[in-house]
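[1] Take a look and give me a structure for this.
(chains A and B)
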Amino acid sequence: DTGVSQNPRHKITKRGQNVTFRCDPISEHNRLYWYRQTLGQGPEFLTYFQNEAQLEKSRLLSDRFSAERPKGSFSTLEIQRTEQGDSAMYLCASSLGGANLQETQYFGPGTRLLVL
Amino acid sequence: QKEVEQDPGPLSVPEGAIVSLNCTYSNSAFQYFMWYRQYSRKGPELLMYTYSSGNKEDGRFTAQVDKSSKYISLFIRDSQPSDSATYLCAMSAGTGFQKLVFGTGTRLLVSP
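    Here you go, the predicted model:
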């Protein structure tokens, strides 16, 4: 399977615990995005990487959230001191990047987080 | 007010019907318009991608963009039960990286 993969697919945690999610983009894609989707809503942009550089962060990404893409390949999203409001589907997407403005973002299956 | 408005539905149609899904938006900087399909508990899958105004057809799917009215549509001909999913419109200003702004999604139910 050469698509975007995310792990774990599901995570249940207790309030106050830290969680980390992983995203493996399509191999030649240098752009990587994280989105959050709550029930009944569309995905909301969280952050964006061009290779290993994190170039933009949404105001939705509070200080408890941190994302990395250390070698410009896979990315991790960590949430510290989870709150019930963090319960959502966390989606990762990747795109080829480059000069082609008409580029497609390919989404992974998401990690569904439930904070009890 | 949200940047992108989309009726959440659900929209129920019989098999074979023509389906019309719509979004309106407020940001005139949007140039790239997309429709994604999302099955329950899955990630979004790109269906159609349109730049600026006009129509684009792909099989049973037709996307229309009217930038003057800030209105986009997706038509599905000969709808099938397998088309039952949530349809998300998304758009971006498209300069540099593309931060997609999504609608809430319309849930479509096609009954046999």
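
[2] got a list of what the nearest residue to A:Phe65 once chain neighbours are set aside touches?
    Distances taken as C-beta to C-beta, 6 or more residues apart in numbering or on different chains put A:Ile79 closest to A:Phe65, at 5.6 Å, once the chain neighbours are dropped. C-betas here are computed from N, CA, C, even on glycine. A:Ile79 makes contacts with A:18-20, A:64-65, A:86, A:113, as judged by C-beta atoms under 8 Å, 6 or more residues apart in numbering or on different chains.

[3] Run the chain-centre distance for stretch A:51-59.
    Relative to its chain's centre, stretch A:51-59 lies at 11 Å (C-alpha atoms, centre = their mean, to the nearest Å).

[4] Endpoints of that stretch, how far apart?
    In stretch A:51-59, first residue to last residue: 21 Å (C-alpha to C-alpha, to the nearest Å).

[5] For chain B, tell me whether it is touching it.
    Yes: using C-beta under 8 Å from any C-beta of the partner chain, stretch A:51-59 reaches chain B at A:55-56.

[6] residue ranges of the strands in chain A, please?
    Along chain A, the stretches classed as strands by DSSP state E are A:5-7, A:10-13, A:19-24, A:31-37, A:44-50, A:53-57, A:65-68, A:75-79, A:88-95, A:106-107, A:111-115.

[7] er, chain B I mean
    B:4-5, B:11-14, B:19-25, B:32-38, B:45-51, B:54-58, B:61-66, B:71-76, B:85-92, B:101-102, B:106-111.

[8] near chain B, which residues of chain A?
    Within chain A, the positions adjacent to chain B are A:4, A:31, A:33, A:35, A:40-45, A:48, A:50, A:55-56, A:91, A:95, A:97, A:101-110, A:112 by C-beta under 8 Å from any C-beta.

[9] List buried members of those by neighbour count.
    Buried residues within the residues of chain A next to chain B, counting neighbours by 16 or more other C-beta atoms under 10 Å in any protein chain shown: A:4, A:31, A:33, A:35, A:41-45, A:48, A:50, A:91, A:95, A:97, A:103, A:105-110, A:112.

[10] excluding its backbone neighbours, what's nearest the residue in chain B that chain A sits nearest to?
    Nearest residue of chain B to chain A, counting by C-beta to the nearest C-beta: B:Phe102, 3.1 Å away. Nearest non-adjacent residue to B:Phe102, counting by C-beta to C-beta, 6+ apart: A:Gly42, 3.1 Å away.

[11] one step back: okay, the residue nearest to A:Phe65 and A:Ser73: tell me how far apart.
    Counting by C-beta to C-beta, to the nearest Å, the separation of A:Ile79 from A:Ser73 is 21 Å.

[12] could you list every residue that touches B:Gln64?
    Counted by C-beta under 8 Å, 6+ apart, B:Gln64 has contacts B:54-55, B:72-75.

[13] Test of understanding: give the bridge partners of it.
    B:Asn55, B:Ser73 (DSSP bridges).

[14] From B:Val13, how far out is it?
    Using C-beta to C-beta, B:Gln64 is found at 19 Å from B:Val13.

[15] Model confidence score at B:Trp17, please.
    You called it Trp, but residue B:17 is Ala. B:Ala17 is assigned a pLDDT of 97 by the prediction.

[16] just to revisit the earlier point, with mean pLDDT as added columns, please give the strands of chain A in a markdown table.
    Below are those laid out as a markdown table (pLDDT from 0 to 100):
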| stretch | mean pLDDT |
| --- | --- |
| strand A:5-7 | 97 |
| strand A:10-13 | 97 |
| strand A:19-24 | 98 |
| strand A:31-37 | 96 |
| strand A:44-50 | 94 |
| strand A:53-57 | 91 |
| strand A:65-68 | 96 |
| strand A:75-79 | 97 |
| strand A:88-95 | 96 |
| strand A:106-107 | 93 |
| strand A:111-115 | 97 |
